[in-house]
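Asks: give the three-dimensional model of this entry:
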Amino acid sequence: MSGSIPTLPRPFPLDSIQRALRDLRQAVSDNAPARIRVGDPVSKTGQVANLTTTNVITAAKNGIYGVIAVLQCTTGDATAGMLTLTLGWTDRAGAATDAVLTRVLTATGRNSRSYELQVQGDTHITYAVAVTGIYATSAYAVEIKLERIAD
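Replies: Okay, here's the model as predicted:
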């Protein structure tokens with residue numbers, strides 16, 4: 001029998017594998033889009049009346065934004081109505097609104113929603129809160145946070 005027995009490649013040392021994984025994680029992290037908080041966070045408590053249309057951010061840059069919104073009924077009233085949060089923005093198709101986030105004011109509790117918006121540059125992102133029916137003795141809180149996700 002002639003020839004040599006082939007040798008199998010030696011396994012990589014554990015520290016080399018760990019270093020390669022660490023470098024890979026860092027490269028992924030470095031290239032991941034950064035979520036940057038923008039605008040003035042909205043945090044209003046003890047509200048007993050409608051909130052008129054107000055800017056969360058003025059002259060938003062062109063890009064993709066994430067919005068987190070929370071409505072809370074902090075004091076319920078059996079005769080109170082339904083609260084609705086309306087967001088407004090302008091995208092490539094024109095002016096847009098979304099009035100999907102609602103909360104009944106008859107009992108304490110909370111509803112929340114996350115939105116992703118494409119915003120055309122130098123336009124406003126706005127919010128408003130209104131009740132259908134009456135407030136009676138109910139009260140509510142609203143929280144809105146805005147992040148720029150991508151260009």
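Asks: wait, what's in contact with residue 120?
Replies: Residues in contact with residue 120 (Cβ atoms under 8 Å, 6 or more residues apart in numbering) are 62, 90, 91, 92. Bear in mind the C-beta positions are built from the backbone N, C-alpha and C, glycine included.
Asks: actually residue 55, sorry about that
Replies: Residue 55 touches 39, 124, 125, 126, counting by Cβ under 8 Å, 6+ apart.
Asks: now do the same for the last one: its pLDDT.
Replies: So the one you mean is residue 126. With respect to pLDDT, residue 126 scores 96.
Asks: go ahead and confirm it touches residue 51.
Replies: No: Residue 126 lies out of contact with residue 51 (Cβ atoms under 8 Å); the separation is 10.6 Å.
Asks: all strands for this structure, in order.
Replies: 36-47, 51-60, 63-75, 82-91, 94-104, 109-119, 123-132, 139-150 (DSSP state E).
Asks: can I get the ones you listed in JSON lines including distance to residue 16?
Replies: What follows is those, written out as JSON lines (distance: least, Cβ to Cβ, whole Å):
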{"stretch": "strand 36-47", "distance to residue 16": "36"}
{"stretch": "strand 51-60", "distance to residue 16": "46"}
{"stretch": "strand 63-75", "distance to residue 16": "38"}
{"stretch": "strand 82-91", "distance to residue 16": "48"}
{"stretch": "strand 94-104", "distance to residue 16": "51"}
{"stretch": "strand 109-119", "distance to residue 16": "40"}
{"stretch": "strand 123-132", "distance to residue 16": "48"}
{"stretch": "strand 139-150", "distance to residue 16": "35"}
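Asks: so for residue 24, which of those sits nearest?
Replies: strand 139-150 (22.3 Å; Cβ to Cβ).
Asks: quick check: buried residues in the closest one?
Replies: 139, 140, 141, 142, 143, 144, 145, 146, 148 (16 or more other Cβ atoms under 10 Å).
Asks: repeat for stretch 49-65
Replies: 51, 56, 57, 60, 63, 65.
Asks: give me the buried subset of the contacts of residue 120.
Replies: residue 90.
Asks: quick one: residues contacting residue 48.
Replies: 135, 138, 139, 140.
Asks: tell me the contacts of the second one?
Replies: In other words, residue 138. Contacts of residue 138 (Cβ under 8 Å, 6+ apart): 48, 73, 75, 76, 77, 80, 105, 106.
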